[in-house]
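Enquirer: Build me a structure from this.
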Amino acid sequence: MAHATLTPTSEVKAPGPARRSRRHRGESLTKVLFVLPAALAMLALFGYPVVKNLLMSLQDYGLRTFFTGQAPWVGLQNYTAVVKDKLFSDAMVNTALFTIGSIVFQFAIGLGLALFFHRRFPLSGVLRSLLLLPWLLPLIVSSATWRSILEQDSGILNRTLMGLHLVDDPVPWLNSPSVALIAVIGVNIWIGIPFNVTLLYSGLAEIPDELYEAGQLDGATGWRSFWYITWPNLRAVASVLLMLGVVYTIKVLDIILGLTGGGPANATQTLATQSYEKSFIDFKFGQGAALSNILIAISFLFAIFYLRSTRRAIDE
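Expert: Here you go, the predicted structure:
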């Protein structure tokens, strides 16, 4: 009796190391090609201006440079000159007061309004839409409008305060060194509130209602509900908002220029306005670039602090 011979079936071989390595390199190359256009655009639009500004801060870059094309290398002399300037310390203090005052009140008022609008009621959508108008207006338009409101003799604010007998004499909102910075901070708070409300409201909308229902069963109502449910879930949005607020506020220029121009008596002079004056009034572009680089460094420090605190929160 004949027996059929069995032929070994061909086995499916796993790809060897060389083939896996080639496939991995191909996938990596594909990813790089997809990212390359965006990376080149970032370098062209952001990298070059930053490098150019850094080089300008190390050169004697003035008005004559545009005619001669020569900008002698001076190293850190521009940084030394702006730091030794008598206005630099005042500008630093004003920048800190302007930034802190704006951020604290923008966030506090924005959070209160976000909580208010989170409770649905008739016309809430319309009111939220109207609340966005200060943020949508061009800053120079907002500055011109508030300048007319804050005029000492003909401004509607002083007329209202005097009509209500809250003040006896017109308040020099933009003409007094002791009041001007407060007025500028107030206008910036008004402009920044809608941005805070929008982000905080979106953060509140992402919190599940089930958490509040479970909290009510455990007795977490009112302030306790906010402290143990709302704030922990809103902390990530709040940290991003505060970091962005610092970066945006520390470099505010057009509002101050439109209201006071840095005056009176340099009472509203900040690092941003000082950089503008050095560059476009004194035509000392090297010193203006040095001041702007100091602003970039301060913003970068805040960004690093934010990233480290965020990473620590994720690890925990």
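Enquirer: Number of residues surrounding I294?
Expert: For I294, the count of nearby residues is 21 (other Cβ atoms under 10 Å). Quick note: C-beta positions are derived from backbone N, CA and C, even for glycine.
Enquirer: Now do it, the pLDDT please.
Expert: As predicted, I294 sits at a pLDDT of 92.
Enquirer: L271 is in contact with that one, correct?
Expert: Yes. At 6.4 Å, I294 and L271 qualify as touching, with contact defined as Cβ atoms under 8 Å.
Enquirer: R147 versus S154, what's the distance?
Expert: With the distance defined as Cβ to Cβ, to the nearest Å, S154 ends up 11 Å from R147.
Enquirer: Let me fix that, I meant to ask about F302.
Expert: Counting by Cβ to Cβ, the gap from F302 to R147 is 30 Å.
Enquirer: now swap in F66 and tell me
Expert: Using Cβ to Cβ, F66 is found at 33 Å from R147.
Enquirer: between these two, which one's more packed in?
Expert: More crowded of F66 and R147, by other Cβ under 10 Å: R147, with 17 against 11.
Enquirer: Sketch out the low-pLDDT regions of this protein for me.
Expert: 1-21, 220, 309-316 (pLDDT under 70).
Enquirer: For it, which segments count as strands?
Expert: According to DSSP state E, the chain carries no segments that qualify as strands.
Enquirer: top helix in it by residue count?
Expert: helix 86-118 (DSSP state H).
Enquirer: so what does that helix touch, helix or strand wise?
Expert: Helix 86-118 is packed against helix 124-131, helix 180-205, helix 231-249, helix 271-280, with contacts defined by 3 or more Cβ pairs under 8 Å, 6 or more residues apart in numbering; DSSP states H and E.
Enquirer: Kindly recompute the last result at 10 Å.
Expert: helix 77-84, helix 124-131, helix 180-205, helix 231-249, helix 254-259, helix 271-280, helix 285-315 (3 or more Cβ pairs under 10 Å, 6 or more residues apart in numbering; DSSP states H and E).
Enquirer: buried stuff in the third one?
Expert: Pointing back at helix 180-205 there. For helix 180-205, burial by neighbour count (16 or more other Cβ atoms under 10 Å) applies to 180-181, 183-201, 203-204.
Enquirer: Could you do the longest one as well?
Expert: Of the residues in helix 285-315, those with enough neighbours to count as buried (16+ other Cβ under 10 Å) are 285-296, 298-299, 302, 306.
Enquirer: likewise the shortest one?
Expert: By neighbour count, and taking 16+ other Cβ under 10 Å as the criterion, the buried residues in helix 254-259 are I255, I256, L257, G258, L259.
Enquirer: Can you give the contact residues for stretch 31-40?
Expert: Contacts to stretch 31-40, defined as Cβ atoms under 10 Å, 6 or more residues apart in numbering, come from residues G47.
Enquirer: In CSV, list the C-alpha atoms belonging to it.
Expert: The C-alpha trace of stretch 31-40 is given here as CSV (Å, rounded to 0.1, in the frame of the first residue of the first chain):
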residue,chain,number,x,y,z
LYS,A,31,6.5,62.1,9.3
VAL,A,32,9.4,64.5,8.8
LEU,A,33,8.2,65.4,5.3
PHE,A,34,4.7,66.2,6.7
VAL,A,35,6.1,68.4,9.5
LEU,A,36,8.8,70.1,7.3
PRO,A,37,6.6,72.7,5.6
ALA,A,38,5.2,73.9,8.9
ALA,A,39,8.6,73.9,10.5
LEU,A,40,10.0,76.0,7.6
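Enquirer: where's that stretch relative to the chain centroid, distance-wise?
Expert: Relative to the centre of its chain, stretch 31-40 is centred 27 Å away, using Cα atoms, centre = their mean, to the nearest Å.
Enquirer: cool, stretch 195-209 as well?
Expert: 18 Å.
Enquirer: Just the CA atoms of that stretch, as CSV, please.
Expert: These are the backbone C-alpha positions of stretch 195-209, laid out as CSV (Å, rounded to 0.1, in the frame of the first residue of the first chain):
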residue,chain,number,x,y,z
PHE,A,195,-11.3,86.9,26.8
ASN,A,196,-11.4,85.6,30.4
VAL,A,197,-15.1,85.0,30.3
THR,A,198,-15.0,83.1,27.1
LEU,A,199,-12.3,80.7,28.2
LEU,A,200,-13.6,80.2,31.7
TYR,A,201,-17.1,79.7,30.5
SER,A,202,-15.9,77.0,28.1
GLY,A,203,-14.1,75.3,31.0
LEU,A,204,-17.2,75.4,33.1
ALA,A,205,-19.2,73.9,30.3
GLU,A,206,-16.9,70.9,30.2
ILE,A,207,-17.5,70.0,33.9
PRO,A,208,-20.0,67.1,34.0
ASP,A,209,-23.3,67.8,35.8
